[in-house]
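K.L.:
quick one, fold the following:
(2 chains)
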Amino acid sequence: MDTSPNLARAQWMSLLAQADPAELAAAMDGFAPPADTAWLRPAQTGLYMLRGRVGGTGPQFNFGEITVTRCSVQAGGHIGHAWVRGSQARHAELAALADALLQDDAQRDSLRQQVIEPLRRSLDQRRDDASRKAAASKVEFFTVVRGE
Amino acid sequence: MLAAFANPVFDSQRTFRELLQAMARPASPRALPILPPSPAPIAPAAMAILLTLCDATTSVWLQQPQREAVEHLRFHAGLRLVEQPQDADFALITDAASMPPLTSFARGDMRYPDRSASLIVQVAGFRSEGGAHFAGPGIRETESLAIDGLPWDFWQQRAALAVQLPLGIDLYFVAAQHVVALPRTTRLLES
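P.N.:
Residues are numbered from 1 along each chain as shown, chains lettered A, B, ... in the order given. Below is the predicted model:
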């Protein structure tokens, strides 16, 4: 795994955004916002336009709109940001707070153990389940070569 | 960093209504309903105007682009900052005494007079007694107002621009929580 600080932050932001909101709330239970917490941008929900390319090449086209909730918070001298899918304000707030606290050297390790690692395991589990379900419905196609 | 409007949509709508009213009734001070937190040297009333009128599609020139103020505006308004006054749709004058001449801002062109700059000028205060008299669209007879803290030749500079109508510059003055608008059509009467 790359250990550059910016990449690490991108990874935990991605993980927090993909986390199940209820699991994130349970994991963040032990991490109350510090006294100096300031909500720079309260959670607000809007639409983002997703753009795509067929097969990863070709011209971009507008794939569709997606609901996104964003939030920014300043806690303990660090600014945390979050953009999460859906319209759950609480999810965005917790993800932003976790991002701010993860930038704090004193709290990073305990957050990694109690929040990031459980969420990563849960995400891996969900991905594994989905791929097993898909694999179970795999259909093999055979072509009968006609001897002409 | 500081927060901005607590309710971005409703707060900017209320501020926009007041600015519209201020432009419709030139030279009469109006109180802005919401003053957001603002880093120095930007006054809260000027910040309310910037957050209401400016976004990624407007270019803004700051007279004193201090780091904290620049970061705050970029984050909350997402606006484009320009280096040269003539490129700006909006200009924020935080120190009126040392402001650049009015001719350094865009006045639009004859086909598009709306491509002109709007100036937000932070001044010391407004007085209605002993002030100059203004007339023009939106004023029934005359309106009396004195604006403290402007350069001595400011009104001469503005009068020199008046002959170029419909080209010109629109002005918002702010002091404490009050805003006064002087569109290009408002004339200062000789006393």
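K.L.:
give me the residues contacting the longest strand along chain B.
P.N.:
Scanning chain B for the longest strand, with DSSP state E as the assignment, gives strand B:125-135. Residues from elsewhere that reach strand B:125-135 (CB atoms under 8 Å, 6 or more residues apart in numbering or on different chains): B:26-27, B:29, B:141-149, B:155, B:173, B:175-176, B:178, B:180, B:182, B:186-189, B:191. C-beta coordinates here come from the backbone N, C-alpha and C atoms, glycine included.
K.L.:
which ones among those map onto helices?
P.N.:
Of these, the ones assigned to helices by DSSP state H are residue B:155.
K.L.:
near chain A, which residues of chain B show up?
P.N.:
B:1-4, B:6, B:8, B:75-76 (CB under 8 Å from any CB of the partner chain).
K.L.:
now with 7 Å?
P.N.:
For chain B, the residues in contact with chain A (CB under 7 Å from any CB of the partner chain) are B:1, B:3, B:8.
K.L.:
going through these, which ones are buried?
P.N.:
With burial judged by 16 or more other CB atoms under 10 Å in any protein chain shown, the buried subset of those is B:1, B:3, B:8.
K.L.:
just so I have it, where are all the helices in chain A?
P.N.:
A:5-18, A:21-27, A:89-102, A:105-111, A:117-136.
K.L.:
so which bits of the last one are buried?
P.N.:
What it means is helix A:117-136. Neighbour counts over helix A:117-136 (16+ other CB under 10 Å) mark A:119-120, A:122-123 as buried.
K.L.:
and these, which two are the farthest apart?
P.N.:
Distance extremes for the buried residues of helix A:117-136: the farthest pair is A:120 and A:122 at 7.3 Å, using CB to CB.
K.L.:
who touches stretch A:121-139?
P.N.:
Stretch A:121-139 has contacts (CB atoms under 7 Å, 6 or more residues apart in numbering or on different chains) with A:15, A:18, A:20, A:23.
K.L.:
and with 6 Å instead?
P.N.:
Stretch A:121-139 has contacts (CB atoms under 6 Å, 6 or more residues apart in numbering or on different chains) with A:18, A:23.
K.L.:
near chain B, which residues of chain A are found?
P.N.:
Residues of chain A lying close to chain B (CB under 6 Å from any CB of the partner chain) are A:40, A:74.
K.L.:
quick one: low-confidence ranges for chain A?
P.N.:
Counting by pLDDT under 70, chain A shows low-confidence ranges at A:1-6, A:148.
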